[in-house]
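Enquirer: I need the structure of the sequence given here:
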Amino acid sequence: MSCGILPAIDKQICSFERWLIGHLADIPDPDHAQVIRRFATWEVLPRLRTRAERKPITPAARRHIEDQVKHATAFLGWLADRDHTLATCGQTGIYAWHAEHYEYARNTIRSFLLWCSASKLTRPFRLPPVRISRATPMPQTERLELIGRLLTDASLPLRARVAGSIVLFYAQPLSRIVRLTLDDISRAGQQTLLRLGEPPSPVPDPLAELLFRWIDSRDNMNTATNHACRWLFPGRRARQPLHPDVLAALLNDLGIPTTAGRTAAIRQQVLEMPAPVVAEALSYHRVTTAKLASEAGGTWSRYASGDHWRSPSGWTPRRPGDG
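Expert: As a prediction, this is how the structure comes out:
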């Protein structure tokens, strides 16, 4: 694909399709296998391909899709153990499943259950509301200590120092960090900017120095297809970024909790800036940042969007002595 010999296709879709063949072969009940094949063919794969047209599928997104299929298979087995089928499953069965399973399983099965309802495979039912628990953020003092360590400890791998700093400064998930390119880094006068959303975010000088040092010494650049690679974190495969799991393992080995660190960073951001501004700059959903601001006790809930540096049309400042 990199050399133009094969047509380009999202490799995560290829991985899912290969995984699906093996998963279907392992389902002992042929009726269950048929339902799962229909679900994957007419619901999961079209949704995945539509998503790939907008932006590349991440490994984490592919794993989540696989989990949806796994939990759908487990649900069919759960019904069979109770002498039920999809046709006899009603509201009582839905409540019983939710009561017996943990939060991730309950949320992951929703796509399958909604598809079953739309396809008239089940009796009418209502799904309980989604409940999403947020990771506990690390204390701000601990986050600042980790940032200081990453910026100053020259004994740490440079790749980990740069990636970890982006997590702790800008609350970015690793799946998004590995898809940053050199084009996302720019200079405006003496200021270095990192484009995560709009507008680009300013980069403090110590981190900017690390960024440019890393750009000059990136790994995995010596293959025939990677010598002109624009990824900030190139992977070993042709024109592919580094796998997020590789980066996660590297940061975990250094004692950097990425989820707790990212949660602490975004909470601090919404305390210091209006939630809509944070959402645009860091590519978060506005509803997410608004909820975080409310939970963190932010004071920006009445903030009005717009250009606050420009005076209203027709307005002139009063002079001393004016009535």
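Enquirer: any weak-confidence spans in the stretch 101-250 of the chain?
Expert: Residue ranges of the stretch 101-250 of the chain with pLDDT under 70: 131-135, 220-227.
Enquirer: what about the helices in it?
Expert: For the stretch 101-250 of the chain, helices defined by DSSP state H, counting those that start in this stretch occupy the ranges 103-108, 110-118, 140-152, 158-170, 174-177, 205-216, 244-253.
Enquirer: from the ones you listed, which stretch is densest packed?
Expert: Greatest average neighbour count among these goes to helix 158-170 (a mean of 23), per mean count of other Cβ atoms under 10 Å. No exception for glycine: its C-beta is placed from N, CA and C like everyone else's.
Enquirer: quick one: that one to helix 205-216, angle?
Expert: 140 degrees (axes from the mean of the first three to the mean of the last three Cα atoms, to 10 degrees).
Enquirer: and the strands in the chain?
Expert: For the chain, the strands defined by DSSP state E occupy 185-188, 191-194, 201-203.
Enquirer: got the buried residues for stretch 42-52?
Expert: Within stretch 42-52, the residues scored as buried using 16 or more other Cβ atoms under 10 Å are Glu43, Val44, Leu45, Leu48, Arg51, Ala52.
Enquirer: quick revisit: make CSV out of the strands of the chain and add mean neighbour count and distance to Ala265.
Expert: Supplementary listing: the strands of the chain in CSV, determined by neighbours: other Cβ atoms under 10 Å; distance: least, Cβ to Cβ, whole Å:
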stretch, mean neighbour count, distance to Ala265
strand 185-188, 13, 19
strand 191-194, 18, 14
strand 201-203, 18, 12
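Enquirer: so which of those strands is nearest Ala248?
Expert: strand 191-194 (20.3 Å; Cβ to Cβ).
Enquirer: what strands flank the closest one, and is each parallel or antiparallel?
Expert: In the sheet containing strand 191-194, its partner strands are strand 185-188 (antiparallel), strand 201-203 (antiparallel), by DSSP bridges.
Enquirer: out of these, flag the one nearest Gly90.
Expert: Per Cβ to Cβ, nearest to Gly90 of the strands paired with strand 191-194: strand 201-203, 50.4 Å.
Enquirer: picking up where we left off before, possible to save the buried residues of stretch 42-52 as a markdown table with pLDDT?
Expert: As requested, those are exported to a markdown table (pLDDT from 0 to 100):
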| residue | pLDDT |
| --- | --- |
| Glu43 | 94 |
| Val44 | 94 |
| Leu45 | 93 |
| Leu48 | 91 |
| Arg51 | 89 |
| Ala52 | 87 |
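Enquirer: in a markdown table, list those residues along with distance to Leu150.
Expert: Below are the buried residues of stretch 42-52 laid out as a markdown table (distance: Cβ to Cβ, whole Å):
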| residue | distance to Leu150 |
| --- | --- |
| Glu43 | 42 |
| Val44 | 39 |
| Leu45 | 40 |
| Leu48 | 35 |
| Arg51 | 33 |
| Ala52 | 33 |
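Enquirer: now intersect the residues you listed with the helices, please.
Expert: Taking DSSP state H, the ones among those that sit in helices are Leu45, Leu48, Arg51, Ala52.
Enquirer: surely the second one is in contact with His64?
Expert: In other words, Leu48. No: using Cβ atoms under 8 Å, Leu48 is not in contact with His64, being 10.5 Å away.
Enquirer: return every residue with contacts to both of those two.
Expert: When contacts are counted by Cβ atoms under 8 Å, 6 or more residues apart in numbering, Leu48 and His64 have no shared neighbour.
Enquirer: give the buried residues for the lengthiest helix in the chain.
Expert: Counting residues, the longest helix in the chain under DSSP H turns out to be helix 59-81. When burial is assessed from 16+ other Cβ under 10 Å, helix 59-81 yields the following buried residues: 59-62, 65-66, 68-73, 75-76, 78-79.
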